[in-house]
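J.: Sequence first, then the predicted structure:
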Amino acid sequence: MLDRIASLGRLGLDIVASLGRSGRFLAGVLSGVPRPVTGFPLLVKQIYAVGVLSLAIVVVSGLFIGMVLGLQGYTILSDYGSEAAIGQMIALTLVRELGPVVTALLFAGRAGSALTAEIGLMKATEQLSSMEMMGVDPLRRVIAPRLWAGFIAMPILALIFSVVGIWGGMLVGVEWLGVFEGSFWGNMQSSVDFVDDVMNGFIKSVVFGFVCAWIAVFQGYDCVPTSAGISSATTKTVVYSSLAVLGLDFVLTAVMFGDF
Amino acid sequence: MAQRTIEIIVGLFMVAGLAALLVLALQVSGLSPKAAESTYTLYANFNDTGGLTPRGKVSMAGVTVGTIESISLDKETFQARVKMSIHSEVDNIPADSSAVIRTSGLLGEQYIDISVGGDMESLQAGDTFYSTQSAMNLERLISNFASGK
């Protein structure tokens, strides 16, 4: 019985210690902002790995999600004879919610797991400690470019996701199901507000990008340096990022769109 | 891959992101890059504003001529005081025009429609509409009908 209680206590202490380590880790990384001249090529390379290579999955999912929204919206709205409202439905859903959230989930799966595995393997093969031996700060050389790359790439991916999704919805709604194009765009423009909808969605994606990149690099840096440790760190990255994104999404939505 | 190629691709990626933001701004939210239009302020008092909200539109003959700035309660008369900003090119609203709260469609949002009067004088900045017509309340209408009034 006492053993059970002790293991519970150890679990709690572990969680608190890991939160503290991740906070100190973040402070260390952020204080080591990449130097403008030497850090820039590293940053560009990471934006390529994290952002550009995630473009394919983001564009394809955005297209299909927009098309599904168009079909589902048409089925429901045509019962009330208001198919023209399909434009505002697709745009609001994508810009406010699905754009940032689905992109963040895809980003955690596609880019976050890769970051964790890469850094974890660097740690397991003692590349990080040999860097320290050579007097190169691994936080500044390895971690900081990856964190900043995720932070920069994620909002761009979310914007592209929303635009492609709206285009997919237009393909289904206007080209296939025959909703009048003028009322499709007109309804959308009259109900979507740039600051309230587009910018709030953008802020969401910035927050998600930061959280996903932070979790990914921390899990890699903090993993047990064995093959089993790397695999469990990669799993944790995807699980924690998804949970953090969905939880934060609720909080941000309540703050941004809740009337209180 | 050469560093330069990567830099070009990342540059294109950033440009694609900016283009997406522009599309969202211009095409999706209908933000038009115009300077802040010069406006003047008019007031109207209503017994019941219903679901009227700030940033709602003010229209004449269906054309939008301004927006609702704020809605506040007048503590003297217990009426709602609506502050509207009207585009300054529409400077000849007859002084006996009335402000009517209407609903776009059956369930749409509410807006203020200015029904034009016939006076030769026109409303100046800071003036208050003389006659107004409050929001139609569907529930009150039904309950009046049911109780036979």
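T.: Ah, there it is.

J.: Which secondary structure elements does the helix or strand residue A:217 falls within sit against?
T.: Element membership for residue A:217, per DSSP states H and E: helix A:200-221. On a contact count with 3 or more Cβ pairs under 8 Å, 6 or more residues apart in numbering or on different chains; DSSP states H and E, helix A:200-221 meets helix A:2-31, helix A:99-107, helix A:113-124, helix A:144-170, helix A:227-257. All C-beta spots, glycine's among them, are computed from the backbone N, C-alpha and C.

J.: so who does residue 97 touch?
T.: Went with chain A since none was named. A:201, A:249, A:253 (Cβ atoms under 8 Å, 6 or more residues apart in numbering or on different chains).

J.: My question was about chain B, not that one.
T.: Contacts of residue B:97 by Cβ under 8 Å, 6+ apart are B:114-117, B:119, B:123, B:129.

J.: could you dump those residues to JSON lines with secondary structure, neighbour count and pLDDT?
T.: Shown next, in JSON lines, are these (DSSP: H, G, I helix; E, B strand; the rest coil; neighbours: other Cβ atoms under 10 Å in any protein chain shown; pLDDT from 0 to 100):
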{"residue": "B:114", "secondary structure": "strand", "neighbour count": "24", "pLDDT": "88"}
{"residue": "B:115", "secondary structure": "strand", "neighbour count": "13", "pLDDT": "87"}
{"residue": "B:116", "secondary structure": "coil", "neighbour count": "13", "pLDDT": "87"}
{"residue": "B:117", "secondary structure": "coil", "neighbour count": "17", "pLDDT": "83"}
{"residue": "B:119", "secondary structure": "coil", "neighbour count": "13", "pLDDT": "83"}
{"residue": "B:123", "secondary structure": "coil", "neighbour count": "24", "pLDDT": "83"}
{"residue": "B:129", "secondary structure": "coil", "neighbour count": "23", "pLDDT": "85"}
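
J.: Looking at the residues you listed, which is nearest residue A:120?
T.: residue B:114 (67.2 Å; Cβ to Cβ).

J.: Mind listing the residues bridging to the closest one?
T.: Counting by DSSP bridges, residue B:114 is bridged to residue B:99.

J.: Just confirm it contacts residue B:63, I think it does.
T.: No: assessed by Cβ atoms under 8 Å, residue B:114 is found out of contact with residue B:63, at 10.3 Å.

J.: what comes up buried for the longest helix along chain B?
T.: Longest helix in chain B, counting residues (DSSP state H): helix B:3-23. Neighbour counts over helix B:3-23 (16 or more other Cβ atoms under 10 Å in any protein chain shown) mark B:6-7, B:9-10, B:13-14, B:16-17, B:20-21, B:23 as buried.

J.: so how many other residues sit close to residue 70?
T.: Went with chain A since none was named. Neighbours of residue A:70 under the rule other Cβ atoms under 10 Å in any protein chain shown: 28.

J.: meant chain B, my bad for not saying
T.: With other Cβ under 10 Å as criterion, residue B:70 counts 11.
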